[in-house]
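Colleague: Okay, predicted coordinates and the sequence, questions at the end:
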Amino acid sequence: MRVTNGLRLIAATVAIGLIATGCGTGPAANAGGEVIRFAFAPDPVWDLLKQSGTIQKWEAEHGVRIETSTTWDEFTYFAGGHGDIVSMSTQETPVLETETKIKTVTFGKYNYQRVPLFRRAGDPYETLADIPKGSKICVSGPTSNTAFWTLAAKEMHDLDYRVGGGDFQLIVNDHFVNPTNLLRGDCEAAAIIPEAAVPQLRKGELEIMYDGKLPFQLYQEFAPDSDGEKHVLGNNFVATEKWFNENTDLAVAFLELWQTGIDMWKEQKAQTVARFPQHFSVESDEDIEYITEFVSGDKDWFVDNVFLDEDWIASETAIWELMKDLNPDNHNYLAADAPQPRFVALEPTSD
């Protein structure tokens with residue numbers, strides 16, 4: 001992969017910002033016990049765990065404090081060297097290792113890649129192939145869900161989809177402003193996290209392209225040999241190799257904590273949406289009902305089991321071979337000799 005000065009600059013900027021805001025990466029952070037420095041996007045399951053006191057009990061039991069940093073761009077946070085564990089997509093880990101030389105271990109899974117492409121109601125765009133080349137498309141960044149759509153565009157339509165070049169003009173903005181950007185015509189389509197567009201979906205102002213499929217559903221149409229399981233993860237649990245090698249038992253305990261949270265989500269979807277509306281951009285009871293129904297069928301993007309197994313790993317990481325066939329100017333391209341990040345199947349302490 002071509003190392004990009006832009007990514008280095010972003011990482012450095014994020015690192016400086018985290019230090020300035022006191023992310024707690026110095027010696028003081030370890031005062032009074034072991035600390036896990038964990039970065040992830042705003043998340044309702046974490047809030048469930050916290051509000052129920054589950055995290056506090058876990059920390060007391062294990063003598064460990066989980067110090068969190070909330071960010072939509074975990075990639076650059078980890079690249080700045082300020083974390084032990086981050087949530088990161090399968091597609092991002094080899095890119096990270098190539099760009100930064102940081103060795104990682106992916107040891108758990110959390111949620112599937114869920115950011116679909118949206119159109120305005122009434123627009124004729126069923127797929128990317130229907131959008132005129134050169135059009136603006138609103139996205140949230142150069143990696144993560146853009147990496148998925150890079151592959152989908154290539155494999156399904158032979159199109160070059162990337163920030164900074166290619167067949168479209170990809171305009172980077174925050175997930176939660178992109179619904180407005182799309183509606184007012186700033187772009188012809190937009191890649192938006194579903195929970196950032198609930199009111200617009202419910203009112204019929206925006207529609208999901210590709211027959212309403214989310215990326216992890218669409219992936220089956222061009223995936224390499226599959227094991228029949230759901231694939232293309234938007235968030236795995238990824239640690240630095242150094243931390244993982246020194247804390248394997250703690251990694252198991254960390255996964256068990258998150259499994260508890262996942263189980264709570266599966267049992268309390270409507271209550272969770274109502275309790276933490278900030279995670280779902282809901283504005284009314286109708287919005288709560290809409291998104292609850294949305295995630296109650298085959299569109300629930302949370303995994304059932306956070307632990308990996310060897311067959312699943314083989315199928316999930318096959319996506320890296322597709323990335324090697326991309327345009328070398330793409331941030332998400334992998335060279336033939338790109339790193340093969342470690343994915344490790346751990347066993348829970350009890351079933």
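Modeller: Looks like it came in fine.
Colleague: Please make it C-alpha for all contacts and neighbour counts, starting now.
Modeller: OK.
Colleague: Identify the residue nearest the geometric centre of the protein.
Modeller: When Cα atoms, centre = their mean is applied to the chain, the residue found nearest the centroid is Gly234 (3.4 Å).
Colleague: Now the phi/psi pair for that residue, please.
Modeller: When read as degrees, to the nearest 10, the backbone of Gly234 gives phi -80, psi -30.
Colleague: That one: what's it in contact with?
Modeller: For Gly234, the contact set (Cα atoms under 8 Å, 6 or more residues apart in numbering) comprises 88-90, 111-114, 144-145.
Colleague: which ones among those residues are found in helices?
Modeller: Asn145 (DSSP state H).
Colleague: Of the contacts of Gly234 - the most surrounded one?
Modeller: Thr90 (30 neighbours; other Cα atoms under 10 Å).
Colleague: how about the strands in the chain?
Modeller: Assigned by DSSP state E, the chain shows strands spanning 34-40, 64-70, 85-88, 104-112, 117-120, 136-139, 161-162, 165-166, 169-172, 189-191, 206-208, 233-240, 342-343.
Colleague: How about Tyr125: what's its closest non-neighbour residue?
Modeller: Ile131 (6.1 Å; Cα to Cα, 6 or more residues apart in numbering).
Colleague: where's that neighbour relative to Val172, distance?
Modeller: Relative to Val172, Ile131 is positioned 18 Å away (Cα to Cα, to the nearest Å).
Colleague: again with Asp130
Modeller: 21 Å.
Colleague: more neighbours, these two?
Modeller: Using other Cα under 10 Å as the criterion, Asp130 and Val172 rank with Val172 on top: 15 against 10.
Colleague: partners of the more buried one in the sheet?
Modeller: Val139 (DSSP bridges).
Colleague: So for it, what's the pLDDT?
Modeller: Val172 is assigned a pLDDT of 92 by the prediction.
Colleague: Go ahead and confirm the residue nearest to Tyr125 touches Glu188.
Modeller: Yes - when contacts are counted by Cα atoms under 8 Å, Ile131 is listed as touching Glu188 (7.5 Å).
Colleague: Compare neighbour counts for the two and give me the winner.
Modeller: Glu188 (20 against 17).
Colleague: list the contacts for the more buried one?
Modeller: 119, 131, 135-138, 182.
Colleague: Kindly recompute the last result at 6 Å.
Modeller: Counting by Cα atoms under 6 Å, 6 or more residues apart in numbering, Glu188 touches 136-137.
Colleague: For His157, see how far away it is.
Modeller: From Glu188 to His157 the distance is 18 Å (Cα to Cα).
Colleague: same check, this time on His231
Modeller: 21 Å.
Colleague: Over to Gln51?
Modeller: 45 Å.
Colleague: What of Arg184?
Modeller: Taking Cα to Cα, one finds Arg184 at 27 Å from His157.
Colleague: Run the chain-centre distance for stretch 269-289.
Modeller: Mean C-alpha position of stretch 269-289 versus that of the full chain (Cα atoms, centre = their mean, to the nearest Å) differs by 21 Å.
Colleague: hmm, back to that, who's the closest spatial neighbour of the residue nearest to the centre of the chain, skipping the chain neighbours?
Modeller: Per Cα to Cα, 6+ apart, closest to Gly234 is Gln113, 3.8 Å.
Colleague: same deal with Pro124?
Modeller: Excluding its sequence neighbours, the residue lying closest to Pro124 (Cα to Cα, 6+ apart) is Asp130, at 7.5 Å.
Colleague: what residue ranges in the protein are flagged as low confidence?
Modeller: 1-33, 70-81, 351 (pLDDT under 70).
Colleague: any chance you could map the helices in the stretch 201-350 of the chain?
Modeller: Assigned by DSSP state H, counting those that start in this stretch, the stretch 201-350 of the chain shows helices spanning 215-218, 241-246, 248-267, 269-275, 285-294, 310-316, 319-323.
Colleague: how about those helices in JSON lines, adding mean neighbour count and distance to Lys57?
Modeller: Listed next are the helices of the stretch 201-350 of the chain as JSON lines, based on neighbours: other Cα atoms under 10 Å; distance: least, Cα to Cα, whole Å:
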{"stretch": "helix 215-218", "mean neighbour count": "20", "distance to Lys57": "34"}
{"stretch": "helix 241-246", "mean neighbour count": "15", "distance to Lys57": "22"}
{"stretch": "helix 248-267", "mean neighbour count": "18", "distance to Lys57": "10"}
{"stretch": "helix 269-275", "mean neighbour count": "18", "distance to Lys57": "20"}
{"stretch": "helix 285-294", "mean neighbour count": "17", "distance to Lys57": "29"}
{"stretch": "helix 310-316", "mean neighbour count": "16", "distance to Lys57": "31"}
{"stretch": "helix 319-323", "mean neighbour count": "20", "distance to Lys57": "38"}
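Colleague: Tell me which of the ones you listed lies nearest to Pro339.
Modeller: Distance to Pro339, taken as Cα to Cα, is lowest for helix 319-323 among the helices of the stretch 201-350 of the chain, at 10.0 Å.
Colleague: Stretch 247-266: how far from the chain's middle?
Modeller: Worked out by Cα atoms, centre = their mean, stretch 247-266 lies 18 Å from the chain centre.
Colleague: contacting residues around that stretch?
Modeller: 45, 49.
Colleague: domain ranges for the protein?
Modeller: 5-113+230-343, 117-213 (automatic domain parsing).
Colleague: got the end-to-end distance for stretch 202-220?
Modeller: 27 Å.
Colleague: Okay, buried residues for it please.
Modeller: 206-210, 213-220 (16 or more other Cα atoms under 10 Å).
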